[in-house]
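[1] Structure for the following, please:
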Amino acid sequence: MATRKMTFTFPVDLAAEFTRRVRPHDRSRFLAQALTRQLAERDRQLAHACDLANQDPDLIAIEQDFDALPSDIQEPWHDTLPR
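    Predicted coordinates:
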């Protein structure tokens with residue numbers, strides 16, 4: 001796996017606890033695993049929010065209104081000449 005060296009700034013208390021509790025040769029792996037878990041959790045939360053939004057009756061009604069519009073509507077910006 002390719003790697004990339006990065007620099008981060010942490011609060012002093014967190015940095016001290018991290019260096020005290022995680023051995024030097026385990027730190028990169030520890031942070032990579034923690035970031036992987038956090039990013040996966042954010043993805044899960046985003047998917048859940050999308051699911052909830054897709055069930056909202058007001059949003060469903062708006063989508064139905066848009067779907068009912070004719071598909072051959074010419075947008076006004078398509079008729080303008082480039083500057």
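[2] same for the helix or strand harbouring residue 39, what does it pack against?
    In this assignment (DSSP states H and E), residue 39 forms part of helix 27-54. Here helix 27-54 touches no other helix or strand, going by 3 or more Cβ pairs under 8 Å, 6 or more residues apart in numbering; DSSP states H and E. The C-beta positions use only the backbone N, C-alpha and C, and glycine is treated the same way.
[3] between the helix-or-strand element of the chain with minimal mean pLDDT and helix 27-54, how big is the angle?
    Lowest by mean pLDDT, DSSP states H and E among the helices and strands of the chain is helix 57-68, with a mean of 90. Counting by axes from the mean of the first three to the mean of the last three Cα atoms, to 10 degrees, helix 57-68 lies at 70 degrees to helix 27-54.
[4] Mean confidence (pLDDT) on stretch 40-55, please.
    When pLDDT is averaged over stretch 40-55, the result is 96.
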